[in-house]
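# Quick one, what's the 3D model for this:
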Amino acid sequence: MIVSAVAKKMVEFSEGNLHDINHLLKVHAYAKIIGECEGLLDEVQTSLELAALLHDIACPLCRIKYGNTNAQCQQEEGAILAKGLLSGFGLPDSLVDRVVYLVGHHHTLEAIKGLDYQILIEADYLVNADEGKLPEDHIRHMMETVFKTKTGIALLKSVYRL
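This is a model prediction of the structure:
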């Protein structure tokens, strides 16, 4: 229920920006699939799905404030915005803290800690590779160096015909 409420809030927050809305929903869908297929515990699945919905929450602000959606600015501003949005849902502090951490690190590929973090990176990349029309050699490199879950790798291979 909470995941759907946050999804609704994020669609409203996106103010009709179809690219942002479609992106967050696609990343969420991949995160949900990978997390469930990898057998995440319920609380980890929840943090993953919430982070997937909120990971780009700072994009509208960054476009206005900085004129771009630079990864570092997205992470810094996103953590603040995610904490503010989640505070209205009465969630446990530990869950909010984890989601805020994930949002604040979703472009950081070093020192990935936790399966929810790993899967968020994989789900976001699955969508970004398509949206950015990334070349096959880049996709293969990411598969070999960043992707770790069996489900994420299988999806990447299937979607991009590797």
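# Check which helices and strands the helix or strand of the chain with the lowest mean pLDDT sits against.
Least confident helix or strand of the chain, by mean pLDDT, DSSP states H and E, is helix 59-65 with a mean of 82. Using 3 or more Cβ pairs under 8 Å, 6 or more residues apart in numbering; DSSP states H and E as the contact test, the elements touching helix 59-65 are helix 71-86. Glycine gets a C-beta too; all of them are placed from N, C-alpha and C.
# who's in contact with the helix it packs on?
For helix 71-86, the surrounding residues in contact (Cβ atoms under 8 Å, 6 or more residues apart in numbering) are 6, 9, 13, 50-51, 54-59, 61-62, 65-66, 96, 99-101, 103-108.
# Of all residues in this protein, which one is nearest the centre?
Note on the chain: the residue nearest the mean C-alpha position is Ala52, at 3.3 Å, using Cα atoms, centre = their mean.
# Am I right that it is in contact with Ile34?
No. Taking contacts as Cβ atoms under 8 Å, Ala52 lies outside contact range of Ile34: 9.8 Å.
# tell me, what's touching those two both at once?
Shared contacts of Ala52 and Ile34 (Cβ under 8 Å, 6+ apart): Ala123.
# Having no further points to raise, I will conclude here.
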